[in-house]
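Asks: next comes the sequence, and after it the predicted model I'd like to discuss.
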Amino acid sequence: MNDERLTVAPTADDTDDPSQEPERPEGPERGPGRKRRGPGPVTLLLLPALVTVTGVAAFLALGGLPDPWPDDSDAKASTAADIDPSYVPWLRKAASACTVLEPSVLAAQIDQLSGWSDDSDDLSGQKGIAAFTDSEWRTWGKDDDGNGHASPRDPADAIMALGRRDCSLAEKVTGLRTEGRVNGDLVELTLAAYAVGPDAVTGAGRVPAAAKTYLAEVQALVPRYEALDREDSGGTGGPAGALLTAPVSPLTITSPFGSREHPLTGVTKLHTGVDFAAPQGAQVVAARRGRVVFAALTSAYGNRIVIDHGTIQGKRVETTYSHLSALETSVGQTVEAGAPVGRVGSTGLSTGPHLHFEVILDGYYTDPRPWVVPDGV
């Protein structure tokens, strides 16, 4: 609350200088025997109300009481836009492929291209949030999230494909600028090359006029996503480009997220997490601050811990730690990122000591790698 007091400059009637006292109007003098009459009953009733109404009106005219629930719409507009949190690690991973690209720029591009909608444009043939045509997708598309198929309608695949395309363009314009064939900011030149092609940028020697509208639209959206560029965005102690602290160290992946044949059962199904190689008894730590909601022995996962990290931009995030040799936390306990929670083991259906680590987003398993590993190992 603002403690600044409202002050009113003195007027002629407020001055202490007796020489400035206003003249009283002349009138008949009262005789010494006459008593001054007091206010009548009507005046006694109406005067306080009139004074109150006048005072309230003046107070409101000066601004009135501060609003206890101020409208923070402007403040909200200046913060990061509310995007699906599952997109964040992919934006960071895609941007990490080259030094020119930032996650905020990539996010602003997608916002400008589709408004984060995966609807297809029947006239142009563009599909997904990054608006790829079929021919463009054949060049840039891959199955980056390991779910068995590459699709422009898969947000993770689309984000990574757009990052590859942008980084390729950034490499071209960097070379052109080094050769002295173009001038300008590398990010602006990269976006211009995306909009009109590197040949048009080369011909103009700078950002061509035909690309300026697209460039301006993307640049206007970048401030909405600048929080994605900060290492502390997401409130974890993890490295830049990752949202979660590594649960074991070093991170050595022996079995990634995705469809696989189980080494013991022989059944082919989704491997719901990532297996990190680690020696028996190695320390396992919490990947993010949260509350332990499960810590017990299970038949398949062995000793298993589940930590609820609350909601991130409207999505509930949980992490799990399985096949542990020992549990070092209990249900209901609040743990900080990096706090010890257990020890690596081989309990349950396991072929040897390792940590099976999962990220669950709103009840669905998602690939933990971009959440934890900034370089996409």
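Replies: Cool, got the structure. Residues are numbered from 1 along each chain as shown.

Asks: and the helices in the chain?
Replies: 41-61, 73-78, 88-95, 103-114, 134-140, 155-178, 186-196, 198-204, 212-221, 369-372 (DSSP state H).

Asks: lowest-confidence stretch among the ones you listed?
Replies: Set side by side, the helices of the chain give their lowest mean pLDDT on helix 73-78, at a mean of 34.

Asks: now render the helices of the chain as a markdown table, adding distance to K315 and mean neighbour count.
Replies: The way it works is simple: take the backbone N, C-alpha and C, and place the C-beta from them, glycine included. Output for these, formatted as a markdown table (distance: least, C-beta to C-beta, whole Å; neighbours: other C-beta atoms under 10 Å):
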| stretch | distance to K315 | mean neighbour count |
| --- | --- | --- |
| helix 41-61 | 43 | 10 |
| helix 73-78 | 18 | 9 |
| helix 88-95 | 10 | 26 |
| helix 103-114 | 16 | 23 |
| helix 134-140 | 27 | 14 |
| helix 155-178 | 13 | 21 |
| helix 186-196 | 29 | 23 |
| helix 198-204 | 38 | 17 |
| helix 212-221 | 22 | 16 |
| helix 369-372 | 12 | 28 |
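
Asks: for these, give me CSV that also has distance to E261.
Replies: Below are the helices of the chain laid out as CSV (distance: least, C-beta to C-beta, whole Å):
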stretch, distance to E261
helix 41-61, 74
helix 73-78, 48
helix 88-95, 27
helix 103-114, 35
helix 134-140, 29
helix 155-178, 23
helix 186-196, 41
helix 198-204, 44
helix 212-221, 44
helix 369-372, 20
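
Asks: distance of the nearest residue to P370 once chain neighbours are set aside from V292?
Replies: Among residues not flanking P370 along the chain, P89 sits closest, at 3.5 Å (C-beta to C-beta, 6 or more residues apart in numbering). Remark: distance between P89 and V292 (C-beta to C-beta, to the nearest Å) = 23 Å.

Asks: neighbours of G197, how many?
Replies: A count of nearby residues for G197, using other C-beta atoms under 10 Å, gives 15.

Asks: quick one, what contacts it?
Replies: If you count contacts by C-beta atoms under 8 Å, 6 or more residues apart in numbering, G197 has none.

Asks: phi, psi for it please.
Replies: Per-residue torsions, G197: phi 100, psi 150 (degrees, to the nearest 10).

Asks: one more: A131?
Replies: Torsion angles, degrees, to the nearest 10, at A131: phi 50, psi 50.

Asks: where along this structure do the strands fall?
Replies: Ranges of strands in the chain, per DSSP state E, are 253-255, 258-261, 268-271, 274-277, 283-285, 290-298, 302-312, 315-324, 326-327, 334-335, 340-343, 354-361, 364-366.

Asks: so who does the closest residue to N147 other than its chain neighbours touch?
Replies: Among residues not flanking N147 along the chain, G258 sits closest, at 6.3 Å (C-beta to C-beta, 6+ apart). Neighbouring residues of G258 by C-beta under 8 Å, 6+ apart: D145, G146, N147, G148, L270, H271, D367.

Asks: and F132, how far from E336?
Replies: To E336, F132 is 41 Å away according to C-beta to C-beta.

Asks: of these two, who's got more company?
Replies: Using other C-beta under 10 Å as the criterion, F132 and E336 rank with F132 on top: 25 against 12.

Asks: which residues does stretch 167-181 contact?
Replies: Under C-beta under 8 Å, 6+ apart, the answer for stretch 167-181 is 97-98, 100-101, 182-184, 186, 189-190, 193-194, 198, 201-202, 205.

Asks: thanks a lot, catch you later.
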